[in-house]
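Q: the sequence and its predicted three-dimensional model are supplied below.
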There are 2 protein chains.
Amino acid sequence: MAKRISLADADCPVARALHVIGDWWSLLIIRDAFDGVRRFSAFQTGLGIAKGMLSARLRDLVERGVLATEPASDGSAYRDYVLTERGRELFLVIVALRQWGEDHLYRRGERHSFLIDVTNGEPVARLELRSADGRALRWNDTRVQGAGEKCKPRSVAPRPKVTSRRRR
Amino acid sequence: MAKRISLADADCPVARALHVIGDWWSLLIIRDAFDGVRRFSAFQTGLGIAKGMLSARLRDLVERGVLATEPASDGSAYRDYVLTERGRELFLVIVALRQWGEDHLYRRGERHSFLIDVTNGEPVARLELRSADGRALRWNDTRVQGAGEKCKPRSVAPRPKVTSRRRR
DNA sequence: CGTTTCTGGTTCTAAATTAGAACTAGACGT
DNA sequence: ACGTCTAGTTCTAATTTAGAACCAGAAACG
């Protein structure tokens, strides 16, 4: 009665994504993979994660096609964990999280790492949402359409039935 | 000895972000909030989450400034949970997750909801990363710079010391 | 007004998950 | 050939979770 609820078959793409990478460690492992970490021990020391947990998370990520193992690039008999194409496409998720963290989770004057363009060393541009024809969009310029049960659109947001609206 | 490791003071903005919204339920609660859900019972039935868990997650999100409570919009004496400015800026994180989920987690022909521009009903443009001067960037056109201990750049990715490179 | 139902929780319990330590097999280095 | 390193697995104790039961105050009802 305490097994975590599965999101695997939700209608919402967000829920499905979280089913795959929504636990405490997966995105950190993936972030490290983007930073060039490939070996079990490197993930382990870089994250400070318990070996058993790392082992389980890597197995899940490989199973779900986000990571793959390949022969170690240094020619040893060990194996490297590398991002698959599916995994590499999580880059924007990491960038979006990074941008939000940079914006909201540092005190004034506190320094943090940032993402630069390797061709010229300049910080990358801010991520932003645009319409099909290129206008910048804010959250309330959009709506979810074609939702199934687990993805209710704003228009029909259920509200507990309160008939009168007296405030006392 | 099994308390979850805290990410609060990590150097990496990604880790800090995950400290705030990186658990199993928070992003789903936030997604529902973007879809217009405001009431405790609406979150509960929409997510199928246990009341105790929802109560704890809402408390944390309010504490961390992602949500706030305000008098219910229908005039009753109850309270609504609404996104703060900080919370609304998580929109791109949700959009990035949605895009990845849509791209990789549906079988051919399986339908899913999608995000549309309310002004014309068309799907929004794909999210993409650009350089300061507007060039599209891929993950390997970028690098993390100014990393602290928990954010190792690719260039110094630690690798177990293996001096020879014989494969046997 | 008095009673019933709904809302928004809190508390309790059993099961699952986690962190960390200890152990191990096979690869490496010398 | 021997000792060390890597990449795990296994074990235990503590924490977290899901779900049910309980409860106080607000709203609806007559």
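A: Ah, there it is.

Q: now do the SS call for residue A:115.
A: The three-state label given to residue A:115 by DSSP: H, G, I helix; E, B strand; the rest coil is strand.

Q: bridge partners for it, pull those for me.
A: Applying DSSP bridges to residue A:115 gives these bridge partners: residue B:144.

Q: burial check on the nearest residue to residue A:25 once chain neighbours are set aside, number of neighbours?
A: Among residues not flanking residue A:25 along the chain, residue A:57 sits closest, at 4.9 Å (CB to CB, 6 or more residues apart in numbering or on different chains). Quick note: C-beta positions are derived from backbone N, CA and C, even for glycine. When neighbours are defined as other CB atoms under 10 Å in any protein chain shown, residue A:57 has 21 of them.

Q: okay, buried residues for the helix or strand hosting residue A:57 please.
A: Assigned by DSSP states H and E, residue A:57 falls within helix A:51-63. Neighbour counts using 16 or more other CB atoms under 10 Å in any protein chain shown place A:54, A:57-58, A:60-61 of helix A:51-63 among the buried residues.

Q: so how far is DNA strand C from the residue nearest to residue A:25?
A: Between residue A:57 and DNA strand C the computed distance is 8 Å (CB to the nearest atom of the strand, to the nearest Å).

Q: for residue A:79, same thing?
A: From residue A:79 across to DNA strand C, the span is 10 Å (CB to the nearest atom of the strand).

Q: pLDDT score assigned to that residue?
A: Looking at residue A:79, its pLDDT is 97.

Q: and what of the one 5 residues further on?
A: Each residue has a pLDDT score; the one for residue A:84 is 98.

Q: same question, residue A:4
A: As predicted, residue A:4 sits at a pLDDT of 89.

Q: how many residues are close by the closest residue to it other than its chain neighbours?
A: The shortest distance from residue A:4 to any residue other than its chain neighbours is 6.3 Å, reached at residue B:24 (CB to CB, 6+ apart). Per other CB under 10 Å, the neighbour tally for residue B:24 reads 17.

Q: show me where chain A has its strands.
A: Under the criterion DSSP state E, chain A contains strands at A:67-71, A:79-83, A:114-117, A:142-145.

Q: can you say which of those strands is nearest to DNA strand D?
A: Nearest to DNA strand D, of all the strands of chain A, is strand A:79-83, at 5.9 Å by CB to the nearest atom of the strand.

Q: so the helix holding residue A:57 versus strand A:79-83, what angle?
A: 60 degrees (axes from the mean of the first three to the mean of the last three CA atoms, to 10 degrees).

Q: show residues contacting helix A:51-63.
A: For helix A:51-63, the external contacting residues (CB atoms under 8 Å, 6 or more residues apart in numbering or on different chains) are A:21, A:23, A:25-26, A:29-30, A:40, A:43-44, A:47, A:49, A:67-69, A:81, A:87.

Q: centre of the chain to it, how far?
A: The chain centre lies 17 Å from the centre of helix A:51-63; the measure is CA atoms, centre = their mean, to the nearest Å.

Q: give me the subset of the buried residues of helix A:51-63 touching DNA strand D.
A: Filtering the buried residues of helix A:51-63 for proximity to DNA strand D (criterion: CB under 7 Å from any atom of the strand) leaves residue A:58.

Q: want to throw the buried residues of helix A:51-63 into TSV with pLDDT?
A: Formatted as TSV, the buried residues of helix A:51-63 follow (pLDDT from 0 to 100):
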residue	pLDDT
A:54	98
A:57	98
A:58	98
A:60	98
A:61	98
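
Q: re the thing from before, now the residue nearest to residue A:25: how far from residue A:45?
A: From residue A:57 across to residue A:45, the span is 15 Å (CB to CB, to the nearest Å).

Q: one step back: out of the contacts of helix A:51-63, which one has the weakest pLDDT?
A: Least confident of these in the model: residue A:23, at 92.
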